[in-house]
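[1] Build me a structure from this.
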Amino acid sequence: MHPQTVAFTAGETGAWRILSCTAVTGPALGAAPRLAVTAASAAPEGVWTLTGVTSNTRYATRAEAATLAARQEGLGRPAATRAALIPIRKSAAWWALAQDERRAVFEERSHHTAIGLDYLPQVARRLHHCRDIGGPFDFLTWFEYAPADAEAFEHMVSRLRATEEWHYVEAEVDLRLERV
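    Modelled structure (predicted):
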């Protein structure tokens, strides 16, 4: 995977209509009618812009990464007219853990990858890292799915939020979108 720097800009323009923007924990983001998803260098003016970088898969074993790659379909599927952007910031306690300790919480006890696999290929996702580029969040997770799979998406998010891993989340905003 070649790293991509992606900007999510809320404002008056963009291919996605913002249906809701909810602060799950921590501060809210400003209201806007649309969301543009662009290369960071092409980000339009807006109410707010969150920028993240795609990167290599982390916390996954080779077998888990291969299973994810085999099951996941790409973004931009014509039927996937619904999306969610979920920015997350984890606590200092999370980042104080060693890599193997984070892996144990993430997968061995919270089963993050296993939960996600239950919803593939219906829900496509891409993770953007932003902790190291100075953003207000550590991760920006982008999901796309068909309207018929909205209930499955809600179930997946509910399962993830019920895990031990989510005890380390100190800021989370949940945006739901529809392609226009």
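[2] got the buried residues for the element among helices and strands of the chain having the smallest mean pLDDT?
    Ranked by mean pLDDT, DSSP states H and E, the helix or strand of the chain with the weakest confidence is helix 62-71, at a mean of 80. Neighbour-count burial for helix 62-71, counted by 16 or more other C-beta atoms under 10 Å, picks out 64, 67, 68. In short, each C-beta sits where N, CA and C put it, glycine included.
[3] what's the following helix or strand after it?
    Downstream of helix 62-71, the next assigned helix or strand under DSSP states H and E is strand 82-90.
[4] packing partners for that following strand?
    strand 139-145, helix 150-161, strand 169-179 (3 or more C-beta pairs under 8 Å, 6 or more residues apart in numbering; DSSP states H and E).
[5] Please identify the most buried of those.
    Of these, the one with the most neighbours on average (mean count of other C-beta atoms under 10 Å) is strand 139-145, at a mean of 22.
[6] Only C-alpha atoms, please: export that strand in CSV.
    Coordinates of the C-alpha atoms in strand 139-145 are reproduced here as CSV (Å, rounded to 0.1, in the frame of the first residue of the first chain):
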residue,chain,number,x,y,z
PHE,A,139,-7.3,7.6,13.9
LEU,A,140,-10.0,8.5,11.3
THR,A,141,-11.9,5.4,10.3
TRP,A,142,-13.9,5.5,7.1
PHE,A,143,-16.6,3.0,6.4
GLU,A,144,-18.8,2.5,3.3
TYR,A,145,-21.8,0.2,3.0
